[in-house]
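**Student:** Quick one, structure for this:
(one chain, ligands or ions: 1)
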Amino acid sequence: MKFKPEMDSIRTHTVPQWYDDCKLGIFIHWGLYSVPAWAYPSGKLGTIPFDERWFAYNPYAEWYCNSVRAGFGPTYEHHVKTYGADFDYESFTDLWKAERWDPAQWAELFKKSGARYVIPTTKHHDGFCLWNTKYTDYNSYQKGPGRDLMKELCDAVRSEGMRFGVYYSGMLNWHVTHNAMMSDYEVHHPNNITNGYADFAYNQMMELVDTFEPSVLWNDLDWPLKGLDDLPYLFAHYYNTVPEGVVNDRWHDVWFDYKTKEYHRGDKFLEQKWECCQGMGLSFGYNQVETDEHYVSHNELITLLIDTVAYNGNLLINVGPKADGTIPEEQESRLLYLGKWMEVNSPAIYSTKPFSRQKEELETGEVVYYTQNDSSIFLLVTNPKAGNSTLRIPEPAFSCDFRKTLGNFGANVAISEGNLVIDLLDIPADSAPVVLEFTK
Ligand SMILES: CC(C)[C@@H]1NC[C@@H](O)[C@H](O)[C@@H]1O
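**Tutor:** Model prediction:
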């Protein structure tokens, strides 16, 4: 076995090329919380103080159980009015049927979006498992849909040639703890998290590795503090079982292959491989309260991908399906639009590296990004003006030859008075970002 259960051995693991090259993944938050599918769209993570102003007004619909446990606030009031004060969260297993779910349809849509990996929630904080785990009967095979949702999805994703990863909420399990969490400290120090629970989480993670051999282990929030000594054994087993596997950075700083950023992006890492994960709206789980205005626009989604890739990141964009197994039209529409753009422009995305410059904001309002591969430099122009316009890029970062535009628009390129001058021609109204390729 290449990896031994000791951190000196684990630290020899490197990020496999596939993860660096693929750039775009699909997150899926689907679970019992998809039945009520209700949250108060209070604001983006990071814009609201992380106290009860966040936890009792949580825009994350997948936090429904905790929001109700708060005992006040809009979600609690909605629950009492809709289901009654005595309706406990576990009873949503009787209402979750997934009656319209076709995993092949999901996989086809994700493939069309240009995504190359898919990571579903196998167990979110509520503790309900979406695979036929032997460690609890609180799972989708024994209850609710009566199906091993993860096995069906894994087969469908892989049959479309995409990689399958697993999300697992290691630190939180609200089927085990029963108090409302109203602070960041409580989230990272849940009471009742015993040695027994740490063993449960370890055993389920090992079961996920052995059952699915996932390309990504995406643990969330933190790992049970009583189980930190188990992690070298988990990582060694995982890397020996899945040599091209990668793990994220939410394991109590014990180890990571790549860093994660959730919504607020701040300073990007550039040198360190990272992944931006967010919903298309304010929530990861489907929230019936959200309308199109809460969602990033179609072009903003493409710009989010470009702004991530230019800084050495991957975009893991989330899909929140409805309880019946259908994907909300607003989300499907954005994925298809992104996929159409990728059909033409993916050479500037897949298998690229950051350039010496990543982003420039021009005086005329356009924002220009750069990526590169071994033979080309790509210049990606977000919010280009409709019709014909001229971009002036002072002190250009390169003087190589303009090769072509990617897409149905024209361009004339010249160096004039020390500026790279680009005449963009025939840009449609409300255009998606446009890409020009230069030869090194
Ligand atoms: C980024 C995503 C996986 C989020 N992580 C923190 C959770 O509390 C939240 O519900 C969501 O799963």
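**Student:** Can you give me the buried ones in the one helix or strand residue 438 maps to?
**Tutor:** Assigned by DSSP states H and E, residue 438 belongs to strand 434-439. For strand 434-439, a neighbour-count test (16 or more other Cβ atoms under 10 Å) marks 434-438 as buried. To be clear about C-beta, it is placed using only N, CA and C from the backbone, and glycine gets the same treatment.
**Student:** try stretch 219-236
**Tutor:** For stretch 219-236, burial by neighbour count (16+ other Cβ under 10 Å) applies to 219-220, 222-224, 227, 230-232, 234-236.
**Student:** Throw those into TSV and include secondary structure and distance to the ligand, thanks.
**Tutor:** Shown next, in TSV, are the buried residues of stretch 219-236 (DSSP: H, G, I helix; E, B strand; the rest coil; distance: Cβ to the nearest ligand atom, whole Å):
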residue	secondary structure	distance to the ligand
219	strand	10
220	coil	5
222	coil	10
223	coil	14
224	coil	16
227	helix	19
230	helix	22
231	helix	19
232	helix	24
234	helix	19
235	helix	20
236	helix	25
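**Student:** Can you convert these into CSV and add a column each for distance to residue 34 and pLDDT?
**Tutor:** As requested, these are exported to CSV (distance: Cβ to Cβ, whole Å; pLDDT from 0 to 100):
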residue, distance to residue 34, pLDDT
219, 21, 98
220, 17, 98
222, 24, 94
223, 26, 96
224, 26, 95
227, 28, 96
230, 31, 97
231, 30, 98
232, 35, 98
234, 28, 98
235, 31, 98
236, 35, 98
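**Student:** now for these, which pair is the farthest apart?
**Tutor:** Of all pairs drawn from those, the greatest distance, 21.4 Å, lies between 220 and 236 (Cβ to Cβ).
**Student:** which residues sit in contact with the closest residue to residue 74 other than its chain neighbours?
**Tutor:** Nearest residue to residue 74, sequence neighbours excluded (Cβ to Cβ, 6 or more residues apart in numbering): residue 40, at 4.0 Å. Applying Cβ atoms under 8 Å, 6 or more residues apart in numbering, we find residue 40 in contact with 57-59, 73-75, 289.
**Student:** which one among those gets closest to the ligand?
**Tutor:** residue 58 (8.7 Å; Cβ to the nearest ligand atom).
**Student:** so the closest one touches residue 42, yeah?
**Tutor:** Yes - using Cβ atoms under 8 Å as the test, residue 58 is close enough to residue 42 to be in contact (7.3 Å).
**Student:** Neighbour count: the two, which is higher?
**Tutor:** A side-by-side neighbour count of residue 58 and residue 42, using other Cβ atoms under 10 Å, places residue 58 first with 25 against 17.
**Student:** For the more buried one, give its distance to residue 93.
**Tutor:** According to Cβ to Cβ, to the nearest Å, residue 58 stands 22 Å off from residue 93.
**Student:** Residue 19 now?
**Tutor:** Counting by Cβ to Cβ, the gap from residue 19 to residue 93 is 35 Å.
**Student:** And residue 292, by the same measure?
**Tutor:** According to Cβ to Cβ, residue 292 stands 31 Å off from residue 93.
**Student:** go on, residue 430?
**Tutor:** From residue 430 to residue 93 the distance is 44 Å (Cβ to Cβ).
**Student:** same deal with residue 279?
**Tutor:** Distance, residue 279 to residue 93, by Cβ to Cβ: 24 Å.
**Student:** Also residue 206?
**Tutor:** Distance from residue 206 to residue 93, by Cβ to Cβ: 25 Å.
**Student:** Would you map the helices across the protein?
**Tutor:** 7-10, 17-22, 52-55, 64-69, 74-82, 103-113, 149-159, 184-188, 195-212, 231-241, 298-309, 329-345 (DSSP state H).
**Student:** how about the most centrally placed residue in the chain, what does it touch?
**Tutor:** Among the residues of the chain, residue 316 comes closest to the average C-alpha position under Cα atoms, centre = their mean, at 3.0 Å. Each residue near residue 316 by Cβ under 8 Å, 6+ apart is listed here: 25-27, 119, 275-277.
**Student:** repeat for residue 137
**Tutor:** Applying Cβ under 8 Å, 6+ apart, we find residue 137 in contact with residue 143.
**Student:** ok, now residue 227?
**Tutor:** Taking Cβ under 8 Å, 6+ apart, we find residue 227 in contact with 170, 195, 198-199, 201-202.
**Student:** Most neighbours among those, which one is it?
**Tutor:** Going by other Cβ under 10 Å, residue 201 tops the contacts of residue 227 with 27 neighbours.
**Student:** Do I have it right that that one meets residue 222?
**Tutor:** No - in this structure residue 201 lies outside contact range of residue 222 using Cβ under 8 Å: 10.8 Å.
**Student:** Common neighbours of these two, please.
**Tutor:** What both residue 201 and residue 222 touch, as defined by Cβ under 8 Å, 6+ apart, is the set residue 170.
**Student:** Residue numbers of the chain in contact with the ligand?
**Tutor:** 60, 62-63, 220-221, 262, 277, 284 (Cβ under 6 Å from any ligand atom).
**Student:** Can you select the buried ones from those in PyMOL?
**Tutor:** In PyMOL syntax, the buried subset of the residues of the chain next to the ligand is picked out as below (16+ other Cβ under 10 Å):
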select buried, resi 60+62+63+220+262+277+284
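**Student:** hang on, the earlier thing: and of the buried residues of strand 434-439, the nearest to residue 400?
**Tutor:** Residue 400 lies nearest to residue 438 out of those, by Cβ to Cβ, at 4.8 Å.
**Student:** From what I see, that closest one and residue 373 are in contact.
**Tutor:** No - at 11.4 Å, residue 438 and residue 373 do not qualify as touching, with contact defined as Cβ under 8 Å.
**Student:** what domains does the record give for this structure?
**Tutor:** Domain assignment for the chain by automatic domain parsing gives 7-348, 353-439.
**Student:** Give me whichever of the ones you listed is most buried.
**Tutor:** Highest mean neighbour count among those (mean count of other Cβ atoms under 10 Å): domain 7-348, with a mean of 19.
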